[in-house]
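Undergrad: Sequence first, predicted model second:
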Amino acid sequence: MGRARRVEFLCLAAAVCVALKLVWDVSQVHDLHFDDETLYLASGVRVFHPGYPNGANGLPAPDWGPLYCWWYALLHLFQRDTVRLYYLNWSALVVLGAISFYALARAIGASALASLLAAFLLTTSDFFEVWPYPAHFATLLLCAGLAVAARSPTRSRALFWATGSMLVCCWVRPEFVVAAALVVACAIFRAVRPPAPPAVRARRALALLVPLAALGALLCTTMGFPVSQQRAFYAWGQHYAFHRVQDDHSTTSPWRSWLPFVRRDFGNARSVAGALRANPAAFLHEVLENAEDTPIETSRTFAPGLCLPEGVRPTLRDLQSSGVFLAFAWAMRALWRRRREVALSILAVAVGTAASCLGVYPRSHYLLPVVALAVCASVTQLPRIPAVSRHPGRVAIAAAVLVLLAPNLAHGWCPQTLLGMTTPAPSIEVERTVESLRALVLPRESRILEPGWGYAFYAGYEYAPIEEWRAGETFVDFVRRRRITAVILNDAFALDPRFGGDPTYVALRRDPEAFGFRAVDVPGTQTRIVVREGVMASGS
């Protein structure tokens, strides 16, 4: 093996080691998250089984990241336990993400050691702490596709790989539709512009459009069209309510009670465009608020996760984010000259991201692709140091230092912990609740009532939708009518406006035995499970 190959192998292996070190025993410090991520997971686990969260055909909804759901279905072949599957997915995203970041940085001109640094910065920051996780999956697919595009021998192939990767990402995150459309439009313009003869221009356009159209047709046929006006309005409405809740200092959940806010300010609007027509001033005010929040949300993904004191993290985060984006702006000039197709794709992703951030809200997971591309591009501006980069032994020392500094989320395993620099104690309340629910050994047909949707799924029981609660019906009557086996009582339930004013709910929470239920406290949490008497297995 030549010297250059040894350096390449050492740096790539170090990037993988950093990722593996980070995720080892992650279930001890990462809790389960419900709502979006659990729905993606459940959709993949239950693929080909009709019913919620899949459609009547048993397939994931086209506008709900179906490719990410299929990714979960693939992982489920190797991990049958749903709780462990959740952690396997996150761990796989971290490791594969580190590899894709390294590959892209190398492909666009960074040295092996600088590419390792890019993978290190993204892996050890809060980048992978952002929830939910389909944006990470889309980001690693995008980085892998752009890495292939950067190494393609011809411009037509580079455009196909760049545009094709963004097209595939549309079935993970629908906002990639804007970026893919921009790249296709620019590619067609470049293909048909003079001075080439008309026949040559036509061949260029067809050579690009035919394979992309075939790929798009295949994806649409198998998974459906990824953009839904209803989901876009749903997301916009939730985040509009989020700002209004902040303004009013309210305790109302904007994620579950968003519609009254939208109806108050936009009447009966049923789409984002309809909201704009109904109240342009309020809509523009929301856009301006989103513009103010975007820099703050962007910098949060750069918060370092190196077991540093809390007082140091914000300063280092701001310095790191500022440095990265300054270097990124400079790097794009060189990238435009050397690998224009990749530069064009990065700009298209940035425009698509800006549209999502301003039009909906600068959620951190919207920003992840741009952040990853910025870091990978910025390290191309680091100077090469021949005295280090050309000597495998010195590269090995530098790589070992980065692996050593990378923390393990569960155990530390880094020099910082010797100085008392540790991360805050984790809360794994949800997983402990699922474990307690499983330990009760209830009948398989048991119906679980919970504030959202997730405990019953992970524990392997049937879920009783709260939405079936009839108007005018007391909470206890609802529990009896639906033959609820167990109720998960936690803060989310207590803060839900549907229950807070119901006296029978308050009475059941205070004295479950009076209603024929037995209370089971979840160790180490504030959660209680109240279970109908006589249904638990003996000894539970």
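TA: Everything's here; your move.

Undergrad: and after the helix or strand Ala213 falls within, which helix or strand comes next?
TA: Applying DSSP states H and E as the criterion places Ala213 in helix 198-223. For helix 198-223, the following helix or strand on the C-terminal side (DSSP H and E) is helix 229-248.

Undergrad: Return the distance of that next one from the chain's centre.
TA: Relative to its parent chain, helix 229-248 has a centroid offset of 19 Å by CA atoms, centre = their mean, to the nearest Å.

Undergrad: what do you get for stretch 345-352?
TA: That offset, for stretch 345-352, works out to 18 Å (CA atoms, centre = their mean).

Undergrad: now swap in stretch 139-149 and tell me
TA: Between the centre of stretch 139-149 and the centre of its chain there are 17 Å (CA atoms, centre = their mean).

Undergrad: Can you find the helix or strand of this protein with the lowest average pLDDT?
TA: helix 497-500 (a mean of 64; mean pLDDT, DSSP states H and E).

Undergrad: Spell out the secondary structure type for Trp453.
TA: Assigned by DSSP: H, G, I helix; E, B strand; the rest coil, the conformation of Trp453 is coil.

Undergrad: where does the stretch 201-350 of the chain have low pLDDT?
TA: Applying pLDDT under 70 to the predicted model, the residue ranges of the stretch 201-350 of the chain that meet it are 201, 307-310.

Undergrad: The same query, at a cut-off of 80, please.
TA: Along the stretch 201-350 of the chain, the parts satisfying pLDDT under 80 run over 201-208, 228-229, 249-253, 256, 302-315.

Undergrad: again, but for the stretch 1-150 of the chain
TA: Checking the stretch 1-150 of the chain against pLDDT under 80 turns up 1-2.

Undergrad: Do a quick rundown of the helices in it.
TA: 3-23, 36-45, 66-76, 82-107, 112-124, 134-150 (DSSP state H, counting those that start in this stretch).

Undergrad: Work out which residue lies at the spatial centre of the chain.
TA: Geometric centre of the chain, nearest residue: Tyr133, 2.5 Å, by CA atoms, centre = their mean.

Undergrad: give the contact list for it.
TA: 37, 40, 89-90, 93, 365 (CB atoms under 8 Å, 6 or more residues apart in numbering). (C-beta placed from N, C-alpha, C; glycine too.)

Undergrad: farthest pair in those?
TA: Within the contacts of Tyr133, Asn89 and His365 form the most distant pair, 14.8 Å apart (CB to CB).

Undergrad: Skipping adjacent residues, who's closest to Glu341 in space?
TA: In space, and not counting its chain neighbours, Glu341 is closest to Ala158: 4.0 Å by CB to CB, 6 or more residues apart in numbering.

Undergrad: Just the CA atoms of the helix or strand the one you found falls within, as CSV, please.
TA: Assigned by DSSP H and E, Ala158 belongs to helix 155-169. What follows is helix 155-169, C-alpha atoms only, in CSV (Å, rounded to 0.1, in the frame of the first residue of the first chain):
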residue,chain,number,x,y,z
ARG,A,155,-20.3,17.4,-16.9
SER,A,156,-23.3,15.4,-18.0
ARG,A,157,-22.6,12.6,-15.6
ALA,A,158,-21.8,15.0,-12.8
LEU,A,159,-25.2,16.8,-13.4
PHE,A,160,-27.0,13.5,-13.4
TRP,A,161,-25.5,12.3,-10.1
ALA,A,162,-26.0,15.7,-8.4
THR,A,163,-29.6,16.2,-9.6
GLY,A,164,-30.4,12.5,-9.2
SER,A,165,-29.3,12.5,-5.5
MET,A,166,-31.5,15.6,-4.8
LEU,A,167,-34.4,13.9,-6.6
VAL,A,168,-34.1,10.8,-4.4
CYS,A,169,-33.9,13.1,-1.3
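
Undergrad: Quick check: next helix or strand after it?
TA: In N-to-C order, the element after helix 155-169 by DSSP H and E is helix 176-192.

Undergrad: relative orientation of that following helix and helix 155-169 in degrees?
TA: Helix 176-192 runs at 160 degrees relative to helix 155-169, counting by axes from the mean of the first three to the mean of the last three CA atoms, to 10 degrees.

Undergrad: Give me the residues contacting helix 176-192.
TA: So helix 176-192 is in contact with 138, 142, 159, 162-163, 166-167, 169-170, 201-202, 204-205, 207-209, 212, 226-227, 344-345, 348-349, 351-353, 355-356, going by CB under 8 Å, 6+ apart.

Undergrad: In ChimeraX, how would I select the buried members of these?
TA: Buried subset of the contacts of helix 176-192, written as a ChimeraX selection, criterion 16 or more other CB atoms under 10 Å:
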select :138,142,159,162,163,166,167,169,170,201,204,205,207,208,209,212,226,344,345,348,349,352,353,356
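
Undergrad: still on that earlier bit, could you tell me which of the contacts of Tyr133 count as buried?
TA: Applying 16+ other CB under 10 Å to those, the neighbour count classes 37, 40, 89-90, 93, 365 as buried.

Undergrad: Which of these sits closest to Ala492?
TA: Nearest member of the buried ones among the contacts of Tyr133 to Ala492, counting by CB to CB, is Glu37, at 16.0 Å.

Undergrad: Please report the distance of that closest one from Ser253.
TA: 18 Å (CB to CB, to the nearest Å).

Undergrad: Please point out which parts of stretch 242-256 sit buried.
TA: Going by neighbour count (16+ other CB under 10 Å), the buried part of stretch 242-256 is 242-245, 252-254, 256.

Undergrad: neighbours of Thr221, just the number please.
TA: 8 (other CB atoms under 10 Å).

Undergrad: residues in contact with it?
TA: Counted by CB under 8 Å, 6+ apart, Thr221 has zero contacts.

Undergrad: From Val395, how far off is it?
TA: As for Thr221, its distance to Val395 is 47 Å (criterion: CB to CB).

Undergrad: repeat for Ser152
TA: 28 Å.

Undergrad: Quick check: nearest residue in space to Ser446, chain neighbours excluded?
TA: With sequence-adjacent residues excluded and distances taken as CB to CB, 6+ apart, Ser446 is closest to Thr485, at 3.7 Å.

Undergrad: got it, and His33?
TA: Sequence neighbours aside, Trp131 is the residue nearest to His33 in space, at 5.4 Å (criterion: CB to CB, 6+ apart).

Undergrad: Ramachandran coordinates for that neighbour?
TA: As for Trp131, its main-chain torsions (degrees, to the nearest 10) stand at phi -120, psi 140.

Undergrad: Could you report the neighbour count for it?
TA: Trp131: 16 neighbours (other CB under 10 Å).

Undergrad: Settle this for me: it is touching Glu37, isn't it.
TA: Yes: the criterion here is CB atoms under 8 Å, and Trp131 meets it with Glu37 at 6.5 Å.

Undergrad: okay, and the common contacts of the two?
TA: Common neighbours of Trp131 and Glu37, using CB under 8 Å, 6+ apart, do not exist here.

Undergrad: residues in contact with Leu208?
TA: 156, 159-160, 163, 184, 187-188, 191.

Undergrad: Now render the residues you listed as TSV, adding pLDDT and distance to Val47.
TA: Putting those into TSV (pLDDT from 0 to 100; distance: CB to CB, whole Å) gives the following:
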residue	pLDDT	distance to Val47
Ser156	80	36
Leu159	86	33
Phe160	87	29
Thr163	89	28
Val184	81	30
Ala187	73	34
Ile188	74	36
Ala191	65	39
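
Undergrad: so which of these would you say is closest to Gln416?
TA: For these, the residue nearest Gln416 by CB to CB is Thr163; the value is 42.7 Å.

Undergrad: From Leu208, how far off is the spatially most distant residue from the centre of the chain?
TA: For the chain, the largest distance from the centre (CA atoms, centre = their mean) belongs to Pro197, which lies 46.0 Å off. Note on Pro197: its distance to Leu208, by CB to CB, is 17 Å.

Undergrad: Double-check Tyr458 against Arg84; I have them as touching.
TA: No: shown here, Tyr458 and Arg84 do not form a contact pair, counting by CB under 8 Å, at 10.3 Å.

Undergrad: Which one's more surrounded, the two?
TA: Neighbour comparison, Tyr458 and Arg84: the larger count goes to Tyr458, with 24 against 11 (by other CB under 10 Å).
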